[in-house]
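**Student:** pasting the sequence and the predicted model now:
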Amino acid sequence: MQVYGLVGSPVEHSLSPPMHEAAYEELGLDARYVTLEPDADRLDEAFAGADALGVAGLNVTVPFKQDALAHVEPSPTAEAVGAINTIDFGPETPVGYNTDVSGVTRSFAHHDVTIDGSSAVVVGAGGAGRAAAYALADTGATVHVANRTVERATELATTFSEFGVTGAGLGSLESTVPDADLVVNATSVGMEEDASPVPAALLHEDLAVLDAVYAPLETRLLRDAAAVGATTIDGAWMLLYQGVEAFERWTGETAPVDVMNDALRSHL
């Protein structure tokens with residue numbers, strides 16, 4: 001039996017186990033997906049122990065996505081983003097990937113939204129924001145990052161300066177969103193409260209809006225976007241497609257996307 005899992009804190013409410021195990025069952029794979037919460041100061045031991053025990057692969061979530069870089073061989077994309085969320089223990093040296101990048105690009109593609117040549121605004125400069133900014137810029141978009149802390153936005157812009165990414169405070173939304181084609185909310189705003197990181201008055205019908213928040217599925221941002229006729233993409237799509245890439249890297253099988261999507265949404 002192959003064992004895969006998720007490392008983070010907290011992970012007890014993760015939707016990854018039902019999503020992945022539905023895929024194993026669909027394809028008849030002898031595999032299980034477990035959740036693990038190691039001590040923050042023992043991450044190296046946790047990964048070494050997983051490798052020694054024959055764990056085939058791990059997803060990594062908050063707060064370990066950046067710290068995990070030091071314990072694996074990062075892929076070029078993961079190194080560029082500065083965070084990993086998937087580890088493959090199959091190679092002699094464990095390899096770390098960032099499948100959040102694929103989660104962003106495939107979410108837009110699923111909704112027939114073209115990234116190349118577009119103007120995009122990413123709200124948030126944390127782990128999800130870094131992945132979104134890289135995904136969009138690397139696919140040909142002109143990207144602006146708006147963040148509550150200006151220094152984090154400008155630091156991210158400097159990191160991705162080769163793509164011409166710009167960064168500023170949240171006040172920059174007023175001048176960037178009205179002319180944008182794409183907006184990504186990469187913050188947690190809308191998860192715990194009925195609030196939006198983007199003023200409704202700035203939204204317009206030519207936008208495609210991806211909200212990384214998936215609980216609730218219909219956030220205030222997405223409701224506001226739908227009200228003006230914009231294309232809306234809920235966060236479950238990003239969660240799905242990052243999991244799809246992880247599954248395919250681990251197993252070498254084509255992921256049963258519809259089955260994984262049904263399993264994911266049935267638990268929301």
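**Tutor:** Right, received. Where do you want to start?
**Student:** now the closest residue to Val72 other than its chain neighbours: phi and psi?
**Tutor:** Excluding its sequence neighbours, the residue lying closest to Val72 (CB to CB, 6 or more residues apart in numbering) is Gly96, at 3.7 Å. (Each C-beta comes from the backbone N, C-alpha and C, glycine too.) For Gly96, the backbone dihedrals are phi -110, psi 140 (criterion: degrees, to the nearest 10).
**Student:** check Tyr33 too.
**Tutor:** The phi and psi values for Tyr33, taken as degrees, to the nearest 10, are phi -130, psi 120.
**Student:** burial measure for it, as a count.
**Tutor:** One way to gauge burial is a neighbour count; for Tyr33, by other CB atoms under 10 Å, it gives 24.
**Student:** could you find the closest non-adjacent residue to it?
**Tutor:** Leaving aside its chain neighbours, Tyr33 sits nearest to His20 (4.2 Å; criterion: CB to CB, 6+ apart).
**Student:** quick one: which helix or strand includes that neighbour?
**Tutor:** Secondary-structure assignment from DSSP states H and E places His20 in helix 16-27.
**Student:** helices of the stretch 1-150 of the chain, residue ranges please.
**Tutor:** When secondary structure is read from DSSP state H, counting those that start in this stretch, the stretch 1-150 of the chain shows helices at 16-27, 43-52, 76-81, 100-110, 127-138, 150-159.
**Student:** please identify the most buried of those helices.
**Tutor:** Relative to the other members of the helices of the stretch 1-150 of the chain, helix 127-138 carries the highest mean neighbour count by mean count of other CB atoms under 10 Å, namely a mean of 26.
**Student:** tilt between it and helix 150-159?
**Tutor:** An angle of 40 degrees separates the directions of helix 127-138 and helix 150-159 when computed by axes from the mean of the first three to the mean of the last three CA atoms, to 10 degrees.
**Student:** name the residues that touch helix 127-138?
**Tutor:** Defining contact as CB atoms under 8 Å, 6 or more residues apart in numbering, one finds that helix 127-138 is touched by 62, 65-66, 77, 80-83, 98, 100-105, 115, 118, 120, 122-125, 143, 145, 147, 156, 159-160, 163-165, 182, 184, 186-187, 210, 212.
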